[in-house]
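K.L.:
Build me a model:
(3 chains)
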Amino acid sequence: MPELPEVEITRQSFAQAIQGAKILRVNLGKALRWPLGCEPSALIGMQVLGVRRRAKYLLVDLSGGLLLVHLGMSGSLRFSSAMPAMGLHEHFEMQTTQGTLRLKDPRRFGAVVYARSPLDTAAQKLLGHLGPEPLESDFTVAYFKNTLSGKTAAIKTVLLDARVVVGVGNIYANEALFLAKINPKAAAGKLSAERVQRLLQAIQQVLKRALAVGGSTLKDFSNAQGKEGYFQLEMMVYDREGEPCRVCGSLVRTLRQGQRSTFYCPQCQKR
DNA sequence: AGGGTGACCTGTCGGC
DNA sequence: TGCCGACAGGTCACCC
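P.N.:
Numbers count the residues shown, from 1 in each chain, chains lettered A, B, ... in the order given. Prediction:
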C-alpha cells in the first residue's frame, strides 16, 4: 500500500502528537521482516524527539537512538490514546505518555528496526544505498538523465529502483509514465533529454497531487488517525485494465514487468 | 555491473 | 460451495 505519499501522510498524521512523549512499554506480535535489533525493554524511558521520513521509511528519532519503520506492502500505523488490546495482524506497539503507536501489517513485509544512530550499520544497511528524494532539490534533470544513461532496462522497472529515485512504487510509477506519455517498455537509457525532463516533472506532479488528497486507499490504507486517502479516484491507468483511457478513450492495457503489473494506455504511451 | 528471478507472508478474488 | 492458482501498495539476496 504505502509509497511515498502514503508514508508521508502517515508521518504527518502523528508526528506532532507523539513528539516529546516518553516510551512506557513496547509489545511485539509475530515476527516482521527484520528483528527489532534490541530488547523491547531497552526503549523504555526514551523520549520521542520527532518523526522524519526517508524514502518509504519513517524515522522515529529517540533520545537514545531511532526506530526505522517500514510499512511493507500491507502495513499501516495508528496512534491513539485509547487502544484495545493488540489484535490480529498487529505486530508492534509502543505505549507512550501521549498515546500508543501501533503497526498493523497482515503480510508482515514491514519492519521496525532500532538503530543507535542514522549512521550505524543497522541503519545504513537500510538507508545507505538510497537515491535522492523525488521532491527534493537534488533530484535534478541532470542527475536523472545521467543516472538513466546507459541503462537498457525498461524505464518502468528503473523507476522502482530506489537507488535511482526513492518513494516511487508501482502505482505512482505507472501514473507518472502515463502523465509523461512514455511507454513503460522504453529503454531507460534511450529517453531523450526532453522526455527525461517530462518524466521527472510527472513524478513530482503525481506525488504532490497524491499528497494533497491524502494518498491512495486501494484496500485498507489509512493514516495514523484512521483517515483514508482519495488519490485512487484520480488514477489514470493503475488498476484500470480494460477501462477507457481518460484522455483518448483507448482501453487501458496491462503487462508484466519484473513480476509487477504495468498499466498503460497504448495510444497515449506509444513510445 | 546491470539485469532478471525467487523469496518472504497472508488475504482475496476469479475460474472451474 | 469448495478448492487452487494468481495476484496484491516492497525490497532484499542471489544468479548469470
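
K.L.:
Can you name the residues of the stretch 151-271 of chain A that neighbour DNA strand C?
P.N.:
A:160, A:162, A:169-171, A:215-221, A:256, A:259-261 (C-beta under 7 Å from any atom of the strand). Using the backbone N, CA and C atoms, a C-beta is placed for each residue, glycine as well.

K.L.:
how about 6 Å then?
P.N.:
A:162, A:169-171, A:216-221, A:260-261 (C-beta under 6 Å from any atom of the strand).

K.L.:
Among the residues you listed, which one has the most neighbours?
P.N.:
A:S216 (28 neighbours; other C-beta atoms under 10 Å).

K.L.:
That one: what's it in contact with?
P.N.:
With contact set as C-beta atoms under 8 Å, 6 or more residues apart in numbering, A:S216 has these partners: A:1, A:3, A:5-6, A:171, A:210, A:229, A:231-232, A:235.

K.L.:
Any idea how many residues pack against A:Q98?
P.N.:
A:Q98 - counted by other C-beta under 10 Å - has 18 other residues nearby.

K.L.:
again with A:M86
P.N.:
A:M86: 16 neighbours (other C-beta under 10 Å).

K.L.:
name the element it belongs to?
P.N.:
Under the criterion DSSP states H and E, no helix or strand holds A:M86.

K.L.:
measure it to A:A153 for me?
P.N.:
Counting by C-beta to C-beta, to the nearest Å, the separation of A:M86 from A:A153 is 42 Å.

K.L.:
quick one: secondary structure of the closest residue to DNA strand B within chain A?
P.N.:
DNA strand B sits closest to A:R107 of chain A, with a gap of 3.3 Å, by C-beta to the nearest atom of the strand. Following DSSP: H, G, I helix; E, B strand; the rest coil, we place A:R107 in the coil state.

K.L.:
list the contacts for it?
P.N.:
A:R107 touches A:72-74, counting by C-beta under 8 Å, 6+ apart.

K.L.:
filter those residues to the buried ones?
P.N.:
Applying 16 or more other C-beta atoms under 10 Å to the contacts of A:R107, the neighbour count classes A:72, A:74 as buried.

K.L.:
Also within reach of DNA strand C: list those from the contacts of A:R107.
P.N.:
Among those, DNA strand C is touched by A:72-73 when using C-beta under 6 Å from any atom of the strand.

K.L.:
Closest one of the contacts of A:R107 to A:F92?
P.N.:
Minimum distance to A:F92 across those is 11.8 Å, recorded for A:G72 (C-beta to C-beta).

K.L.:
ok, A:M86 - contacts?
P.N.:
A:27, A:29, A:93, A:102.

K.L.:
For the first one, what is the enclosing helix or strand?
P.N.:
Using DSSP H and E, the element containing A:N27 is strand A:23-28.

K.L.:
quick check: mean pLDDT across that strand?
P.N.:
Strand A:23-28 shows a mean pLDDT of 98.

K.L.:
And the contacts of that strand?
P.N.:
Outside strand A:23-28, the residues touching it (C-beta under 8 Å, 6+ apart) are A:36, A:40-41, A:43-48, A:62, A:86, A:91-97.

K.L.:
Which residues does A:V112 form beta bridges with?
P.N.:
A:V69 (DSSP bridges).

K.L.:
Now render the residues of the stretch 151-271 of chain A next to DNA strand C as JSON lines, adding secondary structure and pLDDT.
P.N.:
Putting these into JSON lines (DSSP: H, G, I helix; E, B strand; the rest coil; pLDDT from 0 to 100) gives the following:
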{"residue": "A:A162", "secondary structure": "coil", "pLDDT": "98"}
{"residue": "A:G169", "secondary structure": "coil", "pLDDT": "98"}
{"residue": "A:N170", "secondary structure": "helix", "pLDDT": "98"}
{"residue": "A:I171", "secondary structure": "helix", "pLDDT": "97"}
{"residue": "A:S216", "secondary structure": "coil", "pLDDT": "93"}
{"residue": "A:T217", "secondary structure": "coil", "pLDDT": "91"}
{"residue": "A:L218", "secondary structure": "coil", "pLDDT": "87"}
{"residue": "A:K219", "secondary structure": "coil", "pLDDT": "80"}
{"residue": "A:D220", "secondary structure": "coil", "pLDDT": "76"}
{"residue": "A:F221", "secondary structure": "coil", "pLDDT": "86"}
{"residue": "A:R260", "secondary structure": "strand", "pLDDT": "96"}
{"residue": "A:S261", "secondary structure": "strand", "pLDDT": "97"}
